[in-house]
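[1] Fold the following, please.
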Amino acid sequence: MGRFLIRAEPPAKADLIVVLAGDWRGRRILYASELVRQGYAPHALVSGPAHHYGINESELAIAFAVKRGYPASALIPLPLRNCNSTQDEAELIVPELKRRGVRRVLVVTSDYHTRRSGRIYRAVSQSVAPELEVRVAAAPDAVFRADNWWRYREARKTVFLEWVKLLTSLVGI
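    Have a look, this model is predicted:
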């Protein structure tokens, strides 16, 4: 069940990296920042749909990466309004990628989130920006491990929630 959730590809050169929101531990932003440092893309667009204590998540994520030595100039905040799901996020980000002339994007998310987010981003790009090549790279999660997720309470919750989201997204809920 844990392994099925993972459908990631090795990173490849892209015009832009997109960091999906929803990682409170900072693994996604740090992995994306490292990919920028290694030359996979010149910049990372950092999604930020939520406000925590009046601060957008993209601002928090960028500050987290900068504090760990990554340059702020490589990280572009993308505050999103009315965004409550990966589907909403994709429907807002893909048109922005098209507006920016992006042809190849590397989407960075948590490993357990790669199958669902990849499916969603590819579906949205087919209808909005068919020229967009979407590749999904996995940032390893701090708790989830595909081979022994059932041993840890937080990992069990992650697997349960991701499976619920995967199944409900298939039927449009």
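[2] what ranges do the helices span in this protein?
    Listed in chain order, the helices of the chain (DSSP state H) span 27-37, 57-67, 86-99, 114-128, 153-170.
[3] Now for the closest residue to residue 133 other than its chain neighbours: which residues touch it?
    Nearest non-adjacent residue to residue 133, counting by CB to CB, 6 or more residues apart in numbering: residue 104, 4.6 Å away. Every residue, glycine included, has its C-beta placed from N, CA and C. Neighbour list for residue 104: 12-15, 132-133, 135 [criterion: CB atoms under 8 Å, 6 or more residues apart in numbering].
[4] pLDDT score for residue 104?
    On pLDDT, residue 104 comes in at 98.
[5] So it versus residue 153, what's the distance?
    39 Å (CB to CB, to the nearest Å).
[6] How about residue 8?
    Distance, residue 8 to residue 153, by CB to CB: 24 Å.
[7] who's more crowded, those two?
    Neighbours were counted for residue 8 and for residue 153 using other CB atoms under 10 Å; residue 8 has more, 20 against 9.
[8] ok, the more buried one - contacts?
    111, 114, 118, 136-138.
[9] Mind listing the residues bridging to the closest residue to it other than its chain neighbours?
    Of all residues not flanking residue 8 in the chain, residue 138 sits nearest, at 3.6 Å (CB to CB, 6+ apart). Counting by DSSP bridges, residue 138 forms beta bridges with residue 109.
[10] Buried residues, stretch 149-160. List them.
    149, 155, 158-159 (16 or more other CB atoms under 10 Å).
[11] Out of these, which is nearest to residue 33?
    Ranked by distance to residue 33 (CB to CB), those are led by residue 158 at 22.9 Å.
[12] which helices and strands does the least confident helix or strand in the chain by mean pLDDT pack with?
    Within the chain, no helix or strand scores below strand 51-52, which has a mean of 78 by mean pLDDT, DSSP states H and E. Of the remaining helices and strands, none touches strand 51-52 by 3 or more CB pairs under 8 Å, 6 or more residues apart in numbering; DSSP states H and E.
[13] Quick one: residues in contact with that strand.
    Contacts for strand 51-52 (CB under 8 Å, 6+ apart): 57, 60.
[14] next one: it to chain centre, how far?
    Remark: strand 51-52 is offset 18 Å from the chain centroid, using CA atoms, centre = their mean, to the nearest Å.
[15] Partner strands of that strand, with direction?
    When DSSP bridges is applied, strand 51-52 pairs with strand 55-56 (antiparallel).
[16] Now tell me what touches the strand it pairs with from outside.
    48, 50, 77, 79.
[17] quick one, what contacts the residue nearest to the spatial centre of the chain?
    Centroid-nearest residue in the chain, with CA atoms, centre = their mean: residue 20, separated by 2.6 Å. Residue 20 makes contact with 28, 47, 86, 89, 107-109, 113, 117, according to CB under 8 Å, 6+ apart.
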